[in-house]
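> Here is a sequence together with a model predicted from it:
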Amino acid sequence: MGFSSALQGRAAHDALLNRQEAELKLLETMKRCLVQKAKCDREYAVSLAAVTQQGLKIDRSDDLQGSHIMRAWRSFMEELEHTAKQIRTNAEQLETVCHDKLASLYQEKRRVRKQYQEEHTKIATQFSHSGPDQHRSLDWTCVAWNAGA
């Protein structure tokens, strides 16, 4: 397995670093958006629960006993309450599961970027300490190796 000749050189190195940095920024943005969405969902769930409580504060007089409208209203309020609970549960799950996975992915991307930079620096240092004859030999080896890949 060879490394593409199109990805050799300073421009390719800079492009890889820029891509890695852009992905890290995207992950940070995703994290902020998910946190904000979870917050909005929790607030919405609280508001729905308040609406449900208000909707169930109906005069329970005998006048409404057996009313189809009252049964429909109660059913609607129960569904609304169920929806509020689902939204709250989903918000909590979004905040814990997705947030943790994004944080883990972010740390992994940072680790990989650091490892790549260290390896690139190491190789560049070794290359700069080698003589011109070794450079030509290395260039021909790379060309032959890439041609065979």
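Nice, I can see it. Numbering: from 1, shown residues only.
> Just give me the residue closest to the centre of this protein.
Centroid-nearest residue in the chain: L102, 4.5 Å away (criterion: Cα atoms, centre = their mean).
> Next, I58: secondary structure please.
What DSSP: H, G, I helix; E, B strand; the rest coil gives for I58 is coil.
> Which residue ranges of this protein form strands?
Secondary structure of the chain (DSSP state E): no strands present.
> where does it dip in pLDDT?
Where the chain drops to pLDDT under 70, the residues are 1-7, 59-61, 131-149.
> for the longest helix along the chain, packing partners?
When the chain is parsed with DSSP state H, its longest helix is helix 10-55. The contact analysis (3 or more Cβ pairs under 8 Å, 6 or more residues apart in numbering; DSSP states H and E) places helix 10-55 against helix 68-93, helix 99-129. No exception for glycine: its C-beta is placed from N, CA and C like everyone else's.
> Give the buried residues for the shortest one.
For helix 68-93, the neighbour count (16 or more other Cβ atoms under 10 Å) marks M77, L80, E81, A84, I87, R88, A91 as buried.
> Specify which member of the residues you listed is nearest to E119.
In terms of Cβ to Cβ, no member of the buried residues of helix 68-93 lies closer to E119 than A91, at 41.2 Å.
> Now do the same contact list for that closest one.
Taking Cβ atoms under 8 Å, 6 or more residues apart in numbering, we find A91 in contact with K37, A38, K39, D41, R42, A45.
> For the first one, which non-adjacent residue is spatially closest?
Ranked by Cβ to Cβ, 6 or more residues apart in numbering and with sequence neighbours excluded, the top spatial neighbour of K37 is L94, at 6.7 Å.
> likewise the fifth one?
Counting by Cβ to Cβ, 6+ apart, R42 lies nearest to A91, which is 4.7 Å off, once chain neighbours are set aside.
> same check, this time on the fourth one
Nearest residue to D41 in three dimensions, chain neighbours excluded: A91, at 3.7 Å (Cβ to Cβ, 6+ apart).
> and the gap between the residue nearest to K37 and R42?
Per Cβ to Cβ, to the nearest Å, L94 is found 10 Å from R42.
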